[in-house]
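Peer 1: I would like to see how this sequence folds:
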Amino acid sequence: MKKIYLQIFKKNMNMCNKTTQQICFFVFLFRKIVMHFCNVNPNRLHLINPTPMYKNLITLIFLLLTGTLAGQGWERVYPGLGNDEASAVAITPDQGYVMTGFYNGGEKTLLIKVDRDGYLQWSKPLQLGSGVEFGNSIHVTDDTSYVIAGAVNVLGSSGLVRNVLLAKTNSAGEVIWNKNLGSLDFDEEGLDLHILADGGYLVCGFRDLGDHDDVLLLRTDSEGNQMWLKTYGMPDRDERANAIAIADNGDILLVGENFDNPFTYFHVLRLDSDGEPIWENNYGILSAPNDKGRDVVATADGGFVLAGSTPASQGGTNGLIMKIDGDGNDIPLWIKTFDQSEFYGLVSDRNSGYFAAVKSEVNCLDFLYVLRMDGAGNEIWHENIGRGGVDVAFDLVATEDGGVTAAGSTSPFVTSNETNPYLVYIGSTGVIYTNYVKGNVFHDFNDNCIQDPGEPNLRNWGLKLDNPTFSRYFISDEFGEFTFRVDTGSYDLSILFPNNYWYSCDSGNSTEFT
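Peer 2: Reported below is the predicted structural model:
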């Protein structure tokens, strides 16, 4: 059998005395000195299978005492049916959050209400149509109700077709009205929603005409009754509007994508308040672009900041953000790219800068990635958050304290098809957790539980961190190292062995740190 050693330590402190302490577990709290306890309890050492030649697994448990932590964030995962997603989030009058998306792959529309700390208050699976349905955008109205835009299957002239969904609920999630908008002859989808000053609604998205897609924009009154619907596009191109912004003078700016075979561009269309075109333009940063615009923010100087993605030279995609003027000139005012990421959401912060919701790839894992930029698109900070599988943020909102909250989905591990709604709050300085567990894994050839010269660190070893509400997975890097950032609480840490011929170094020591 092969022995593996799991070594855990605290940054900026001396390593433990390995002659007396084989496994060291530290908790690091930034900015506040609090007493912490780390226990490797002999009673927690156990055989997974009580037969000879099977692996021994050391379970490590630590208790993190709570304290007032400056900038401490949080993350929450919400229960569902295993194929659920939060696609959009809004702040409620009580400073909590409401989210929409889908349950069970689109069986029902998701509606979740949580308090300001992300703890679940209620979850309502809404049945608003026949078959597949989902919410893509959510807003809170002046009367504290919630309005959802998305898509829903309805019975059309030749069977089921997809219509634009617009629904309003009260603050308890009870449906007030539910509208299926658009045509019964085409598949249509609402991707973004804006509440107008008179209480009416604008919904943008696309209409599927079979051989191509056109941009779709519709306007309703305050009761969701359709006032007009317009489409924009060329017969030989796929065009979609993914986001809406309103200019100071009431003009409408739609941002999305224009597929002009074989290239895809950021597509921008400016309309007056009645939906009549003023100008449109395509933007791309390469001679052969494949760029997609996903969100937009209007700026105080009359311009617009657009966020989306562009191909990366090494494969995959890079996040792309640019600023354009309000006149549709061909040359953007500035352009920035961010390696191995995709931008899904953009929002202004409280200091003339921006937050972006991103999916990022790090060490072959997809992380939820939140980026803060200044007014010129320069990075101020970024934070990767994830649990080992595919984690992504689709929408985000700026909070009163200068922080940001992002909504999306999380998977427990890379091989899992399970997804759950995911909500993360990050403080204004980019801190999600000030607490973390850091360590490394190595191959202990001589069974002395000490890393001697020539004993290699083990890369790509799976580790699992458990607490009563969730499990998080991670993989050791090329140096055998790993870092878990954690919220306050109790956790068990274990190694995921590839077979029964490996086991952990045994230790029964308890250590206390202050």
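
Peer 1: avg pLDDT for the helix or strand where E383 lies?
Peer 2: Using DSSP states H and E, E383 maps to strand 379-385. Averaged over strand 379-385, pLDDT sits at 89.

Peer 1: The next helix-or-strand element following it pairs with which strands, parallel or anti?
Peer 2: Per DSSP H and E, the first helix or strand lying C-terminal to strand 379-385 is strand 392-398. Strand pairing for strand 392-398, determined by DSSP bridges: strand 404-410 (antiparallel).

Peer 1: and the partner strand with strand 379-385, angle?
Peer 2: 40 degrees (axes from the mean of the first three to the mean of the last three CA atoms, to 10 degrees).

Peer 1: How far does the very next helix or strand once past strand 404-410 sit from its chain's centre?
Peer 2: Per DSSP H and E, the first helix or strand lying C-terminal to strand 404-410 is strand 420-426. In terms of CA atoms, centre = their mean, to the nearest Å, the centre of strand 420-426 is found 7 Å from the chain centre.

Peer 1: ok, P93 to V297 distance?
Peer 2: 23 Å (CB to CB, to the nearest Å). No exception for glycine: its C-beta is placed from N, CA and C like everyone else's.

Peer 1: between these two, who's got more neighbours?
Peer 2: Legend: neighbour count by other CB atoms under 10 Å for P93 and V297, higher for V297 (20 against 9).

Peer 1: can you pull the contacts of the more buried one?
Peer 2: A245, F304, V305, L346, V347, S348, Y354 (CB atoms under 8 Å, 6 or more residues apart in numbering).

Peer 1: Name only those of these that count as buried.
Peer 2: Buried members of the contacts of V297, scored by 16 or more other CB atoms under 10 Å, are A245, F304, V305, L346, V347, S348, Y354.

Peer 1: for these, which one is nearest E276?
Peer 2: A245 (17.1 Å; CB to CB).

Peer 1: could you give the mean pLDDT of the helix or strand harbouring that closest one?
Peer 2: Assigned by DSSP H and E, A245 belongs to strand 238-246. Confidence for strand 238-246, expressed as mean pLDDT, is 97.

Peer 1: going on from it, what's the next piece of helix or strand?
Peer 2: Criterion used, DSSP H and E; the element after strand 238-246 is strand 252-260.

Peer 1: Pull out the buried residues from the strand holding E383.
Peer 2: I380, H382, E383, N384, I385.

Peer 1: count of residues packed around the closest residue to the last one other than its chain neighbours?
Peer 2: When you say that, I think you mean I385. Distance criterion CB to CB, 6 or more residues apart in numbering; nearest residue to I385, sequence neighbours excluded, is L368 at 4.8 Å. Other residues near L368 come to 27 when the count uses other CB under 10 Å.

Peer 1: Contact partners for L368?
Peer 2: Neighbours of L368 in contact, by CB under 8 Å, 6+ apart: 357-360, 384-386, 391-393, 406, 408, 410, 422, 424.

Peer 1: quick one, strands of the stretch 251-400 of the chain?
Peer 2: 252-260, 263-271, 277-283, 292-298, 304-311, 317-324, 334-338, 341-348, 354-362, 365-373, 379-385, 392-398 (DSSP state E, counting those that start in this stretch).

Peer 1: Make JSON lines from the contacts of V297 and add distance to E189 to it.
Peer 2: Formatted as JSON lines, the contacts of V297 follow (distance: CB to CB, whole Å):
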{"residue": "A245", "distance to E189": "19"}
{"residue": "F304", "distance to E189": "23"}
{"residue": "V305", "distance to E189": "25"}
{"residue": "L346", "distance to E189": "20"}
{"residue": "V347", "distance to E189": "22"}
{"residue": "S348", "distance to E189": "26"}
{"residue": "Y354", "distance to E189": "26"}
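
Peer 1: got the contact list for W177?
Peer 2: Residues near W177 by CB under 8 Å, 6+ apart: A167, K168, E223, G224.

Peer 1: Of these, which is the nearest to S123?
Peer 2: Distance to S123 across those (CB to CB) is lowest for A167, with 16.2 Å.

Peer 1: Quick check: that closest one touching H139?
Peer 2: No. Taking contacts as CB atoms under 8 Å, A167 lies outside contact range of H139: 11.7 Å.

Peer 1: shared neighbours of the two, anything?
Peer 2: Counting by CB under 8 Å, 6+ apart, the shared contacts of A167 and H139 are V147.

Peer 1: Comparing those two, which residue is more hemmed in?
Peer 2: Neighbour count, other CB under 10 Å: between A167 and H139, A167 has more, with 26 against 17.

Peer 1: give me every residue that touches the more buried one.
Peer 2: T109, L126, L128, V147, I148, V175, W177, N178, K179, G224.

Peer 1: which residues of the stretch 201-350 of the chain score low on pLDDT?
Peer 2: 287-288 (pLDDT under 70).

Peer 1: how many neighbours does F134 have?
Peer 2: Neighbour count of F134, defined by other CB under 10 Å: 24.

Peer 1: Am I right that it falls within a strand?
Peer 2: Yes. Under DSSP: H, G, I helix; E, B strand; the rest coil, F134 falls within a strand.

Peer 1: beta partners for L166?
Peer 2: A149, K179.
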